[in-house]
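Peer 1: Task: produce atomic coordinates for the following.
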Amino acid sequence: MRLTGRGRAVLVVTLSGFVLAWLFGARSLNAVVLPAAIALVAAVLQVASLDVPSVTRDVPPDGFPGDTGTVTLSFDADSPFGATVTDQLSAGLSGDPVVETTVGATPATYEVTYERRGAHDIGLVTVTARDVLGLAEAELTVPGQDTVLVFPTLRDVTPGARHSLQSLYDVTRSEERDEFDRLREYERGDALRDIHWRSSAKRDDLVVKEFAADSMTDSVDITAGARAGYDDEMAEAAASVAAVLVNAGIPVTLTTPTGRVSVGGNNLTPVLEHLAVAGHGQPPTPDADVTVFADRETEVGIGGEVWSFEAMCDAARGGRRKRAGTRDAAEVAA
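Peer 2: Purely as a prediction, here's the structure:
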């Protein structure tokens, strides 16, 4: 606990008044000195009696670099008091988390901007409490942290790169279409070649042939790695590649040095959550359908071809391949 600048000024006036009254016997000074002294004592006692409040923090949802949102701090205190509230932001977040408020009466809010990929903590909270006259103050540390995930940036790839990626799934499934399994009702998105026209005519409704391989859960395997210091580039490329496939309804299995995640079509969130915290290392499964490796340049192996990720995203360059041939995609990380 300490006196504020105003409190120190009142203390100087009070002490000076007592000295002058003692030296010169000026009783009229007591009308100023005694109330000031009482105010100082009351201020110190008020601040000293404050308990640490509890806080509930509402944070924005997980997002991407550049996203902004509002953090709201709601306090529960025995009695309201004026204070300066300071929240702590980790290095991947920016904002002005210093708010003047009445703790226990009015929530404190401030804006936060997501700066870079990662899991970033918000908190602890420091409450600089003051008495009603602003003469004394004390710092109270309120426990409690929250974490927000900042996903890697998603970049659009060229139509040529998108076609090469989506073709991986078509090739895999066409190679496995070997054994007829059953007939079922037509569903939106089924290939016209699978319609069983004779049975459809009898039932007056479309039915399709389903093969044994069609009932299995096939996916495109992506593996990603990076040299130290290039984790963000790896995550950006892997997320962008996965987004092309998942948004097309293609299941994906992703492995990184941090772990493994599998998703069905149209559900990219688990991939983004995984890549938000993925670290560097060699690609764990170099024989995957797609291999991503980030160094000074990020390369993406798709089947037997190696692409520059920047070229994949550069419409002006047509998304052309960096190299072509039958070289194993595992050599991308060599």
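
Peer 1: Quick check: chain neighbours aside, which residue is closest to residue 76?
Peer 2: Spatial nearest neighbour of residue 76, excluding adjacent residues (Cβ to Cβ, 6 or more residues apart in numbering): residue 54 at 4.6 Å. (Glycine included, C-beta is placed from N, CA and C.)

Peer 1: contacting residues for that neighbour?
Peer 2: 75, 76, 142, 144 (Cβ atoms under 8 Å, 6 or more residues apart in numbering).

Peer 1: Just list what the helix or strand harbouring residue 69 packs against, helices and strands only.
Peer 2: Assessed by DSSP states H and E, residue 69 sits inside strand 68-76. The elements that strand 68-76 packs onto, with contact taken as 3 or more Cβ pairs under 8 Å, 6 or more residues apart in numbering; DSSP states H and E, are strand 54-58, strand 81-89, strand 108-114, strand 118-130.

Peer 1: Those: which one's closest to residue 14?
Peer 2: Comparing the helices and strands packed on strand 68-76 against residue 14 with Cβ to Cβ, the closest turns out to be strand 118-130 (18.8 Å).

Peer 1: Now distance to residue 197 and mean pLDDT too, for the helices and strands packed on strand 68-76, in CSV please.
Peer 2: Listed next are these as CSV, based on distance: least, Cβ to Cβ, whole Å; pLDDT from 0 to 100:
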stretch, distance to residue 197, mean pLDDT
strand 54-58, 57, 96
strand 81-89, 63, 95
strand 108-114, 53, 98
strand 118-130, 54, 95
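
Peer 1: among those, which is nearest residue 68?
Peer 2: Between these, strand 108-114 lies closest to residue 68; by Cβ to Cβ that is 4.8 Å.

Peer 1: mind listing what the closest one pairs with, with the direction of each?
Peer 2: When sheet partners are counted by DSSP bridges, strand 108-114 sits next to strand 68-76 (antiparallel), strand 93-95 (antiparallel).

Peer 1: Show me which residues of that strand are buried.
Peer 2: Within strand 108-114, the residues that count as buried by 16 or more other Cβ atoms under 10 Å are 108, 110, 112, 113, 114.

Peer 1: ok and it relative to strand 54-58, angle-wise?
Peer 2: Angle of strand 108-114 versus strand 54-58, following axes from the mean of the first three to the mean of the last three Cα atoms, to 10 degrees, is 40 degrees.

Peer 1: Run through who's touching strand 108-114.
Peer 2: With Cβ under 8 Å, 6+ apart, strand 108-114 has contacts from 59-60, 63-73, 75, 85, 87, 89, 92-99, 101, 120, 122, 148, 150.

Peer 1: try 6 Å
Peer 2: By Cβ atoms under 6 Å, 6 or more residues apart in numbering, the residues outside strand 108-114 that reach it are 63, 65, 67-73, 85, 93-97, 99, 101, 150.

Peer 1: Buried ones among those?
Peer 2: Burial by neighbour count, 16+ other Cβ under 10 Å: within these this picks out 63, 65, 67, 69, 71, 73, 85, 93, 95, 97, 99, 101, 150.

Peer 1: Out of these, the closest to residue 164 would be?
Peer 2: When the buried ones among the contacts of strand 108-114 are ranked by distance to residue 164 (Cβ to Cβ), residue 65 comes first, at 27.0 Å.

Peer 1: Distance check, that closest one against residue 115.
Peer 2: To residue 115, residue 65 is 6 Å away according to Cβ to Cβ, to the nearest Å.

Peer 1: do the same with residue 51
Peer 2: 35 Å.

Peer 1: These two: which has the busier surroundings?
Peer 2: Per other Cβ atoms under 10 Å, whichever of residue 51 and residue 115 has more neighbours is residue 115, with 18 against 9.

Peer 1: check contacts around that one.
Peer 2: Residues near residue 115 by Cβ under 6 Å, 6+ apart: 92, 94.

Peer 1: Please report how far it lies from residue 148.
Peer 2: Separation of residue 115 from residue 148 (Cβ to Cβ): 11 Å.

Peer 1: neighbours around residue 48, how many?
Peer 2: 11.

Peer 1: ignore the last one, residue 130
Peer 2: If you count neighbours by other Cβ under 10 Å, residue 130 ends up with 21.

Peer 1: Touching, it and residue 137? I think so.
Peer 2: Yes - between residue 130 and residue 137 there is a contact under Cβ atoms under 6 Å: 4.6 Å.

Peer 1: before we move on, back to that, out of the buried residues of strand 108-114, who's nearest residue 314?
Peer 2: residue 114 (25.5 Å).

Peer 1: For the closest one, give the beta-bridge partners.
Peer 2: Under DSSP bridges, the beta-bridge partners of residue 114 are residue 93.

Peer 1: Pull the contacting residues for residue 294.
Peer 2: Each residue near residue 294 by Cβ under 6 Å, 6+ apart is listed here: 226, 230, 233, 234.

Peer 1: Please report phi then psi for the closest residue in space to residue 251 that isn't next to it in sequence.
Peer 2: Spatial nearest neighbour of residue 251, excluding adjacent residues (Cβ to Cβ, 6+ apart): residue 219 at 3.7 Å. When quoted as degrees, to the nearest 10, the phi and psi of residue 219 stand at phi -150, psi 160.

Peer 1: mind listing what residue 219 touches?
Peer 2: Neighbouring residues of residue 219 by Cβ under 6 Å, 6+ apart: 251, 252, 253.
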